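Student: turn this into a structure:
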Amino acid sequence: MHRIQMGSQSRLTSLLLASMAGLLVVCIIIYPNSVFQSSLSGMSLWWEYVFPALLPFLILTEIMLGSGALHAIGTLLDPFMRFFFRTSGNGGWALAMGLFAGYPAGASTTAKLHERQALLPQEAERVLIVSHLCNPAVMITVIGVGFFHQATLGMFIAIVHYASALLMGLTLRRSGNENLLVATPANLEPIWTRAMQSAKAAQQEDGRKFGKLLGDGVSHSIQTLMLIGGWMMFFSVLQQVILHLLQPWITNEGFVAQLVVCLLEPHLGAYTIAQSSSASLVIKVAIVGAVLGWSGLSMHAQVKSLLKSTEMRYLAFLKARLLHAALAFGLTLLAWKPLNNLLDRLQPNALPTYIEGTFNSPHLSIGNWIPSLWNLAGDRTLIFLTLLSIMLFCCMGISWSIHKVQLLKLKK
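Tutor: Residues are numbered from 1 along each chain as shown. From the prediction side, this is the model:
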């Protein structure tokens, strides 16, 4: 009976998707000009902002993954995940992947760990909701520098994003298995030793030399960026089609357009809100934080496809994203003045004078954009990376302290 129900649901889903695809094709034929312009705007946004900002970061992330650095960081974060989120000692790697590679890397890693039976279904769900994080380069460089022209706003958004994710994970955490808090004979070794062993094992399993690793990192990063660009163009077109279909029933087209694009795709949503003139800066930043916490239906579709072969529930993920968005919005309003004052004290007093002209130039090209982008990010990005490193070291310090307490309990 269960198989029959699953088969009927699958056929219904296929029929629904086919009907929607057919309707989309018809709308593209009926509205060719507006659809072309929306597709072009999505591609331009990807080429001018997302591609130059993310490519170096993604290459470095691929190198860290191949060299075993992310595995070591994941091992160092394992006690942190065990203590705060009641997961077994494998969730740290998924958190490290989500933190550095951005979504949906955390979901992909969690699904792999669950398929290897390294995480139980309930543990995997807790790891999934915490590790589904936005790439720091997106928040600082793309949104902060590119969309708002203020790197400090990117740092603010990133800090709020990670803090609200932690609060969301603690809020949705169930009681869990208390036995997970007790060290087992397999992890009695010092945590730093296990981290180095994890890095060495991952490096040996990978087996690539640095030159090969760098080349693969470039090709994989470009493939990832092409995928992001495809999603952005598709959902830009979908947004335009939805607006055409809803046009007879809507009175405030601008608000509906912003709402639709924020629900569909995070990069497009953040850009639309940043360019809006109908709200104050704090409200725009709060909405962008909520959009990144929600992560868009484009990411939801990818995560749902990853969960299809697992026992993890999409409903739990959906509830977490709604809570993350709400917490990010509220935390932005609460922390706006104190956190901005702190970041203003840390930032340099002066900016290069040619940056603003470069951004507003009608002859904007990727050739003159990349140097300007990194010059503007410059010291501020370094400051944020320092803060991120401090946060990581604090988490690792907590992990080490928890591990030491567990060892002392066992010795007693």
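Student: quick one, phi/psi of Q150?
Tutor: Backbone geometry at Q150, expressed as degrees, to the nearest 10, gives phi -140, psi 110.
Student: the helices in the stretch 51-200 of the chain, which residues?
Tutor: Here the stretch 51-200 of the chain has its helices, by DSSP state H, counting those that start in this stretch, at 51-67, 69-85, 91-101, 105-115, 121-131, 136-137, 151-172, 191-206.
Student: what's the angle between the longest one and helix 69-85?
Tutor: Spelled out, it's helix 151-172. 50 degrees (axes from the mean of the first three to the mean of the last three C-alpha atoms, to 10 degrees).
Student: and for the fifth one?
Tutor: The directions of helix 121-131 and helix 69-85 differ by 110 degrees, with the same axes, to 10 degrees as the criterion.
Student: now helix 121-131: buried residues?
Tutor: Q122, E123, A124, E125, R126, V127, L128, I129, V130, S131 (16 or more other C-beta atoms under 10 Å). Where C-beta positions appear, they are placed from N, C-alpha and C, glycine not excepted.
Student: any chance of those in TSV, plus distance to N33?
Tutor: Formatted as TSV, the buried residues of helix 121-131 follow (distance: C-beta to C-beta, whole Å):
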residue	distance to N33
Q122	51
E123	51
A124	46
E125	45
R126	48
V127	46
L128	41
I129	42
V130	44
S131	42
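Student: just name the most buried of the helices of the stretch 51-200 of the chain.
Tutor: Among the helices of the stretch 51-200 of the chain, ranked by average contacts under mean count of other C-beta atoms under 10 Å, first place goes to helix 91-101 (a mean of 27).
Student: for the record, mean pLDDT for that one?
Tutor: The pLDDT scores in helix 91-101 average 86.
Student: residues making contact with that helix?
Tutor: 58, 61, 64-65, 70-71, 73-78, 80-82, 85, 105-110, 113, 119, 123, 126-128, 130-133, 135-136, 162, 392, 399 (C-beta atoms under 8 Å, 6 or more residues apart in numbering).
Student: go on, stretch 311-329?
Tutor: Contact with stretch 311-329 is made by 107, 110-111, 114, 121, 124-125, 128-129, 132, 160-161, 164-165, 167-168, 171-172, 286-287, 289-295, 300, 303-304, 307, as judged by C-beta under 8 Å, 6+ apart.
Student: what sits against the residue nearest to I228 when sequence neighbours are not counted?
Tutor: Leaving aside its chain neighbours, I228 sits nearest to V50 (6.2 Å; criterion: C-beta to C-beta, 6 or more residues apart in numbering). Listed by C-beta under 8 Å, 6+ apart, the contact set of V50 reads V138, V142, L225, I228, G229, M232, H267.
Student: one more pass at 7 Å, please.
Tutor: Going by C-beta atoms under 7 Å, 6 or more residues apart in numbering, V50 touches V142, I228, H267.
Student: could you single out the nearest of those residues to G42?
Tutor: Of all the contacts of V50, G42 sits closest to H267, with 9.0 Å by C-beta to C-beta.
Student: quick check, pLDDT for that closest one.
Tutor: At H267, the pLDDT value in this model is 93.
Student: for the chain, which element, helix or strand, carries the lowest mean pLDDT?
Tutor: helix 355-360 (a mean of 42; mean pLDDT, DSSP states H and E).
Student: give me the mean pLDDT for stretch 325-336.
Tutor: 95.
Student: can you give me the buried ones in it?
Tutor: Neighbour-count burial for stretch 325-336 [16+ other C-beta under 10 Å]: A325, L327, A328, F329, G330, L331, T332, A335, W336.
Student: what strand or helix carries the last one?
Tutor: Taking DSSP states H and E as the definition, one finds W336 inside helix 314-346.
Student: any idea how far that helix is from the chain center?
Tutor: 14 Å (C-alpha atoms, centre = their mean, to the nearest Å).
Student: one more: stretch 269-283?
Tutor: 20 Å.
Student: in that stretch, which residues are buried?
Tutor: Quick answer for stretch 269-283 (16+ other C-beta under 10 Å): G269, A270, Y271, T272, I273, A274, I283.
Student: who are the neighbours in contact with the fourth one?
Tutor: Each residue near T272 by C-beta under 7 Å, 6+ apart is listed here: Q258, V261.
Student: state the helix or strand in which it lies.
Tutor: Using DSSP H and E, T272 sits within helix 266-275.
Student: after that helix, which helix or strand is next?
Tutor: Helix 266-275 is succeeded, C-terminally, by helix 281-294 (DSSP H and E).
Student: quick one: residues in contact with that following helix.
Tutor: By C-beta under 7 Å, 6+ apart, helix 281-294 touches 134, 139, 143, 153, 156-157, 160-161, 164, 262, 266, 269-270, 273-274, 276, 321, 324-325, 328-329, 332-333, 336.
Student: recalculate using a threshold of 8 Å.
Tutor: Against helix 281-294 from outside (C-beta under 8 Å, 6+ apart): 134, 139, 143, 148, 153, 156-157, 160-161, 164-165, 168, 262-263, 266, 269-270, 273-274, 276, 279, 321-322, 324-329, 331-333, 336.
Student: cool, stretch 18-27 as well?
Tutor: V35, V237, L238, V241, H244, L245.
Student: quick one: low-confidence parts of the stretch 151-300 of the chain?
Tutor: The stretch 151-300 of the chain contains residues with pLDDT under 70 at 174-189, 251-253.
Student: SS state for R208?
Tutor: coil (DSSP: H, G, I helix; E, B strand; the rest coil).
Student: can you tell me the number of residues neighbouring it?
Tutor: 14 (other C-beta atoms under 10 Å).
Student: also V142?
Tutor: V142: 24 neighbours (other C-beta under 10 Å).
Student: what's near enough to touch the closest residue to it other than its chain neighbours?
Tutor: In space, V142 comes closest to A53 once its chain neighbours are excluded; the distance is 4.6 Å by C-beta to C-beta, 6+ apart. Residues in contact with A53 (C-beta under 8 Å, 6+ apart) are A137, V138, T141, V142, V145, G146, L373.
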